[in-house]
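[1] Sharing a model prediction with you, sequence too.
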There are 2 protein chains.
Amino acid sequence: MKSGQAAPGGSHPAPRVTIREVANAAGVSRSTASRALTGRGYVAPQVRDRVREVATRLGYVPDATARHLRQQASQSIGVLVSDLSNPFYAGLAAGISQQARKRQYTMMLADDGGSPEVEAEVAEAFVALRVAGVIVTPVSAHVSTYLARQRIPVVEVDRQFAAGVCDAVVVDNGSAARQLTTQLLDLGHRRIALVIDEMHWTTGRDRLAGYRAAFAASGVPLDDSLVVTAGWDVDAARIEAHKLLGRSEPPTAVFAANNVLAEGVWRAAAELALSIPEQLSLVSFDDVSWMSLVRPGVTAVAQDAVALGETAVSQLFERIQSPLAPVRTVLLSATVAARGSTAPPSGAR
Amino acid sequence: MKSGQAAPGGSHPAPRVTIREVANAAGVSRSTASRALTGRGYVAPQVRDRVREVATRLGYVPDATARHLRQQASQSIGVLVSDLSNPFYAGLAAGISQQARKRQYTMMLADDGGSPEVEAEVAEAFVALRVAGVIVTPVSAHVSTYLARQRIPVVEVDRQFAAGVCDAVVVDNGSAARQLTTQLLDLGHRRIALVIDEMHWTTGRDRLAGYRAAFAASGVPLDDSLVVTAGWDVDAARIEAHKLLGRSEPPTAVFAANNVLAEGVWRAAAELALSIPEQLSLVSFDDVSWMSLVRPGVTAVAQDAVALGETAVSQLFERIQSPLAPVRTVLLSATVAARGSTAPPSGAR
DNA sequence: GCTCTGCCTGGGATCGATCCCATAGCTGGT
DNA sequence: ACCAGCTATGGGATCGATCCCAGGCAGAGC
């Protein structure tokens, strides 16, 4: 650790320059200065130019908190995701950030690590900040109803908890899961495990339903012991997958319900020296970059996280514009990126 | 797309409840209500409890903008990173977010996509919001000097542009790069390419310097044509790497200066069916998850992005507490995660 | 000359919470 | 009795920007 010598930023006490100083320097009143800078109301053109020039010269930056207090409307949106280090949520946040900035809004971002308590806490902070709206990947139904009661527009993304209360943007989890499962069944797999984190939220529920629907449609009986709940982080998933693949009658294929679970399964398979796809087929939800880097690549449902975020922002701004329009759920379709991680089961050869 | 019927959040006009309403409902003045809720100043215990109870009952949430305006200090920090979809920056943001929340601060997050213009724009937005401090992975020297002039505490992370003007938290790029390069030289490699994005910022400059220093120390002559500038995204890096590896006299080892470049090199090697490490050794900066998922794993310098973010937050709060303390640069060390992507050059066998 | 209209400006109130200050009630010491 | 000291409360000013409104001034129309 090395140290510099000077205190940062020079040595003047430097009070921040306010609109009052700008007005004085330009020889007009605060009101006129305000009109000149915001462009609302009458100002003589040369006065307007002079005020703006003075403002630039003094480095005047209007105080957003004061403005928002007066106008009772802020230029920022709140975003609450489950886990920033997960590439899916990071991409979502990136998409939201881009779109928000494009509309001159700033983004308050927090992650709740999947905890409903943190989620509630952050929601209250957003209310305190009087954000114009909130985009959330909910962990409980509480957030959205709370925010809606506070009359803050909310859009649920990825998962939906408060259908009928607020807007939502989700992907068609059911049909994507069904499609992927059907592919495995068509290859001849019968023992197809579903490794999943939870089965009550819309994502988990619909993915499970799609998986079941594929079995039902093909007439293959479903062994419920192959539906495995495997926790929230890679390591928990790895351990569960290890147990699953080490069973006396192991599955010939695994469907991982998201990228974290897929990573756990992938690592477990490597530990057990199971070769993919010869000894084990693997498919997953969430097409994140490593899935196309490994050999063989992992066949996965590609949900465009960035597009999801962008759509959520559009939806949020529509809602802000017309608060009384009927609530809407936007369903985005997902595509399957087929790679080399699937093959007929070894028993079939 | 399906549609619901009800407008969100019920149908009351519902003006937000202010401290005035709380005070009236509790039969006290605004001043007393304020003291009861903030805990500053004298309040009779039973009055305090009554006010708090009323506040909870009415669902009162204090307006942060009003409070900040009065106190001239906000409870939020600005964070500006280059690219949220890059796992390194995402991890950084995650670390910052955790620590900020722990201190009851909210985080305003933006990414600038590496553009100095966007960076300047966002910096101004942060000034307007009167954030308590800013953490930035700078793209130009401008941000930090600008914010410092506005008397907003700044911490530069990952890269350093404004040494002497503001605090910084960076990793020891030079010695990590030197260490990694030395390992390759010791294995017998002579033609070691450095694939890098830029060489003027501290990160690029120091990594390059470390690479050169290793050559100098070992006495092996350095072929400058092996230092390749390869753009900012995976695809650009992949194309450059493709050219590099397809040369008539290709390198036997590649040092990728960050995870994006490493991904490009990895993909290019796969396209050219070069087996790693037999035909090509690969090492990289940034230990992101895919590097331990692929076979062989990629030997990489592990910078703990989350820890970096957390350290930056500590540094920022120290600076907020004592604005006049001398500027400081915190240098974190990085460790090398050795995996299977290196071997002696094929010619040496 | 007088009014009417439209352009332009400044004064004061306002948003919601905090904080300084004046003041009132009470206790206790002299 | 009186004052000092402490607890407890409310009134008003304040933060910075916006916005409503009153009013000044000039030119046009009668």
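    Here it is on my side, so go on.
[2] which residue ranges form the strands in the stretch 1-150 of chain A?
    Counting by DSSP state E, counting those that start in this stretch, one finds strands in the stretch 1-150 of chain A at the ranges A:2-3, A:76-81, A:106-111, A:133-136.
[3] can you tell me which of these the model trusts least?
    Note on these: strand A:2-3 shows the lowest mean pLDDT, a mean of 44.
[4] just to revisit the earlier point, can you redo the strands of the stretch 1-150 of chain A as TSV with distance to DNA strand C and mean neighbour count?
    C-beta: built from backbone N, CA, C; applies to glycine. Shown next, in TSV, are these (distance: least, Cβ to the nearest atom of the strand, whole Å; neighbours: other Cβ atoms under 10 Å in any protein chain shown):
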stretch	distance to DNA strand C	mean neighbour count
strand A:2-3	33	9
strand A:76-81	17	26
strand A:106-111	18	25
strand A:133-136	18	27
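[5] Can you give me the neighbour number for A:Gly39?
    9 (other Cβ atoms under 10 Å in any protein chain shown).
[6] For it, give its distance to A:Glu119.
    To A:Glu119, A:Gly39 is 40 Å away according to Cβ to Cβ, to the nearest Å.
[7] ok so, going back, to chain B, which of the strands of the stretch 1-150 of chain A lies closest?
    strand A:106-111 (4.1 Å; Cβ to the nearest Cβ).
[8] Packing partners of the closest one?
    Judged by 3 or more Cβ pairs under 8 Å, 6 or more residues apart in numbering or on different chains; DSSP states H and E, the packing partners of strand A:106-111 are strand A:76-81, helix A:87-102, helix A:116-128, helix B:87-102, strand B:106-111.
[9] where exactly do the helices run in the stretch 101-250 of chain A?
    Taking DSSP state H, counting those that start in this stretch as the test, the helices found in the stretch 101-250 of chain A are A:116-128, A:142-149, A:173-186, A:202-218, A:234-245.
[10] still on that earlier bit, dump the strands of the stretch 1-150 of chain A to JSON lines, plus distance to B:Pro153.
    Putting the strands of the stretch 1-150 of chain A into JSON lines (distance: least, Cβ to Cβ, whole Å) gives the following:
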{"stretch": "strand A:2-3", "distance to B:Pro153": "16"}
{"stretch": "strand A:76-81", "distance to B:Pro153": "21"}
{"stretch": "strand A:106-111", "distance to B:Pro153": "19"}
{"stretch": "strand A:133-136", "distance to B:Pro153": "28"}
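[11] closest to A:Pro45 out of those strands?
    Closest approach to A:Pro45 among those is made by strand A:106-111 (31.2 Å; Cβ to Cβ).
[12] List every C-alpha atom in that closest one, with coordinates, as CSV.
    Extracted in CSV, the C-alpha atoms of strand A:106-111 (Å, rounded to 0.1, in the frame of the first residue of the first chain):
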residue,chain,number,x,y,z
THR,A,106,-30.7,6.8,-13.5
MET,A,107,-30.9,3.3,-12.0
MET,A,108,-30.8,2.4,-8.4
LEU,A,109,-29.7,-1.2,-8.3
ALA,A,110,-29.7,-3.7,-5.4
ASP,A,111,-29.5,-7.4,-5.1
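[13] how far is it from where the chain is centred?
    11 Å (Cα atoms, centre = their mean, to the nearest Å).
[14] by how many degrees do it and strand A:76-81 diverge?
    20 degrees (axes from the mean of the first three to the mean of the last three Cα atoms, to 10 degrees).
[15] Residues in contact with strand A:106-111: which ones?
    Applying Cβ atoms under 8 Å, 6 or more residues apart in numbering or on different chains, the contact partners of strand A:106-111 are A:75-84, A:89, A:93, A:96-97, A:100-101, A:122, A:125-126, A:129, A:131, B:76, B:93-94, B:97-98, B:101, B:106-110, B:122, B:125, B:129.
[16] Next, the angle helix A:87-102 makes with that strand.
    Using the same axes, to 10 degrees: strand A:106-111 against helix A:87-102 is 160 degrees.
[17] tilt between strand A:106-111 and helix B:116-128?
    Orientation check (the same axes, to 10 degrees): strand A:106-111 against helix B:116-128 gives 80 degrees.
[18] neighbours around the nearest residue to A:Ala338 once chain neighbours are set aside, how many?
    Nearest residue to A:Ala338, sequence neighbours excluded (Cβ to Cβ, 6 or more residues apart in numbering or on different chains): A:Thr299, at 5.2 Å. Neighbour count for A:Thr299, taken as other Cβ under 10 Å: 22.
[19] can you pull up the bridge partners for A:Thr299?
    Here A:Thr299 sits in beta bridges with A:Val283, going by DSSP bridges.
[20] hmm, back to that, okay, the helices of the stretch 101-250 of chain A in JSON lines with mean neighbour count, distance to chain B and mean pLDDT next?
    As requested, those are arranged in JSON lines below (neighbours: other Cβ atoms under 10 Å in any protein chain shown; distance: least, Cβ to the nearest Cβ, whole Å; pLDDT from 0 to 100):
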{"stretch": "helix A:116-128", "mean neighbour count": "19", "distance to chain B": "4", "mean pLDDT": "96"}
{"stretch": "helix A:142-149", "mean neighbour count": "21", "distance to chain B": "4", "mean pLDDT": "95"}
{"stretch": "helix A:173-186", "mean neighbour count": "21", "distance to chain B": "13", "mean pLDDT": "97"}
{"stretch": "helix A:202-218", "mean neighbour count": "19", "distance to chain B": "13", "mean pLDDT": "97"}
{"stretch": "helix A:234-245", "mean neighbour count": "19", "distance to chain B": "8", "mean pLDDT": "97"}
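[21] right, so of those, which gets closest to B:Ala148?
    That would be, of the helices of the stretch 101-250 of chain A and by Cβ to Cβ, helix A:116-128, which comes in at 27.5 Å.
[22] Export the helices and strands packed on strand A:106-111 to TSV and append columns for distance to A:Ile152.
    What follows is the helices and strands packed on strand A:106-111, written out as TSV (distance: least, Cβ to Cβ, whole Å):
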stretch	distance to A:Ile152
strand A:76-81	8
helix A:87-102	16
helix A:116-128	7
helix B:87-102	19
strand B:106-111	15
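[23] And stretch A:310-324, how far out from the chain middle?
    16 Å.
[24] Is that stretch in proximity to chain B?
    Yes. Judged by Cβ under 8 Å from any Cβ of the partner chain, stretch A:310-324 comes into contact with chain B at A:Arg319, A:Pro323, A:Leu324.
[25] in that stretch, what's buried?
    By 16 or more other Cβ atoms under 10 Å in any protein chain shown, the buried positions in stretch A:310-324 come out as A:Glu310, A:Thr311, A:Ala312, A:Val313, A:Gln315, A:Leu316, A:Phe317, A:Arg319.
[26] cool, stretch A:324-340 as well?
    Counting neighbours by 16+ other Cβ under 10 Å, stretch A:324-340 gives A:Val327, A:Arg328, A:Thr329, A:Val330, A:Ala334, A:Arg339 as buried.
[27] helix/strand/coil for the third one?
    Pointing back at A:Thr329 there. Assigned with DSSP: H, G, I helix; E, B strand; the rest coil, A:Thr329 falls in the strand class.
[28] pretty sure A:Arg238 contacts A:Gly264?
    Yes. A:Arg238 is within contact range of A:Gly264, at 4.0 Å (criterion: Cβ atoms under 8 Å).
[29] shared neighbours of the two, anything?
    When Cβ under 8 Å, 6+ apart defines a contact, no residue borders A:Arg238 and A:Gly264 alike.
[30] Flag every residue of chain A that's near DNA strand D.
    Counting by Cβ under 7 Å from any atom of the strand, chain A comes close to DNA strand D at A:15-16, A:18-20, A:30-31, A:34, A:37-38, A:40-41, A:60, A:62-63, A:66-67, A:69-71.
[31] make it 6 Å
    Residues of chain A lying close to DNA strand D (Cβ under 6 Å from any atom of the strand) are A:16, A:18-20, A:30-31, A:34, A:37-38, A:40, A:62-63, A:66-67, A:69-71.
[32] how close does the residue lying closest to A:Thr65 once chain neighbours are set aside get to A:Ser31?
    Nearest non-adjacent residue to A:Thr65, counting by Cβ to Cβ, 6+ apart: B:Thr65, 4.5 Å away. To A:Ser31, B:Thr65 is 22 Å away according to Cβ to Cβ.
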